[in-house]
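>>> need coordinates for the following:
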Amino acid sequence: MEPDQARELLRRRIDAYSDELCDQAMRMLDQLTALRESVDQTETRPAVDAALVAFVAACRKVAFDHAFFGSLPGPRPQSRLIAAQDQAAVDAVVDGLDSLQQLFNRHAEFQEWVDATNNAREYRAAATYVQHARVTLT
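Next up, the predicted model:
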């Protein structure tokens with residue numbers, strides 16, 4: 001799935017439910033796509049591309065994409081090379097991803113308390129995909 005398709009899933013959820021979590025995910029998706037365009041293509045772009053793939057998966061989870069339901073993140077990825085001139089911009093996105101991961105985990109904990117079923121699992125998987133995006137860039 002492409003970032004634009006993930007953005008559309010998030011937008012539908014925001015429009016239908018005024019979903020603040022999806023709104024924050026969409027803002028981070030915009031930051032990641034902007035970062036992709038601004039970094040060194042040979043050194044940093046592969047790391048950002050890998051992070052974007054993981055983050056799109058997180059967006060699908062948090063937007064409850066039924067076609068993606070039940071899928072779980074694979075093993076934690078290895079960090080990728082970041083060009084020195086891109087490090088500050090990448091660090092800013094990493095900080096945002098860290099905050100979003102914590103927010104997804106808090107939502108998962110709340111969902112476990114409320115219904116202890118599928119929503120919590122989807123939020124946890126989304127948090128793990130966000131972690132994969134963050135780890136790829138650190």
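>>> could you report the neighbour count for Ala25?
29 (other CB atoms under 10 Å). Bear in mind the C-beta positions are built from the backbone N, C-alpha and C, glycine included.
>>> contacting residues around the spatially most central residue of the chain?
Taking CA atoms, centre = their mean, the centroid of the chain lies closest to Phe55, which sits 2.9 Å from it. The neighbours of Phe55, taking CB atoms under 8 Å, 6 or more residues apart in numbering as the test, are 28-29, 32, 97, 129-130, 133.
>>> mind redoing it with 10 Å?
3, 6, 25, 28-29, 31-33, 48, 93, 97, 100, 126, 129-130, 132-134, 136 (CB atoms under 10 Å, 6 or more residues apart in numbering).
>>> kindly report the same for Glu109.
Counted by CB under 10 Å, 6+ apart, Glu109 has contacts 120, 123-124.
>>> just the strands in the chain please.
Using DSSP state E, the chain contains no strands.
>>> residues near the nearest residue to Arg124 once chain neighbours are set aside, how many?
Computed as CB to CB, 6 or more residues apart in numbering, the closest residue to Arg124 that is not its neighbour in sequence is Ala108, at 4.5 Å. By other CB under 10 Å, 19 other residues sit near Ala108.
>>> quick check: Ala108 touching Asp115?
No. Counting by CB atoms under 10 Å, Ala108 does not reach Asp115; the two are 11.3 Å apart.
>>> isn't Leu21 up against Asn119?
No. With contact defined as CB under 10 Å, Leu21 does not count as touching Asn119 (11.1 Å).
>>> for these two, indicate the residue with more neighbours.
Leu21 (20 against 16).
>>> let me see the contact set for that one.
Contacts of Leu21 by CB under 10 Å, 6+ apart are 10, 13-14, 62-63, 100, 103-104, 106-107, 123, 126.
>>> one more time with 6 Å
Neighbouring residues of Leu21 by CB atoms under 6 Å, 6 or more residues apart in numbering: Val62.
>>> roughly how far apart are it and Leu103?
7 Å (CB to CB, to the nearest Å).
>>> now do Pro73
17 Å.
>>> can you check Thr136 too?
Applying CB to CB to Thr136 and Leu103 gives a distance of 19 Å.
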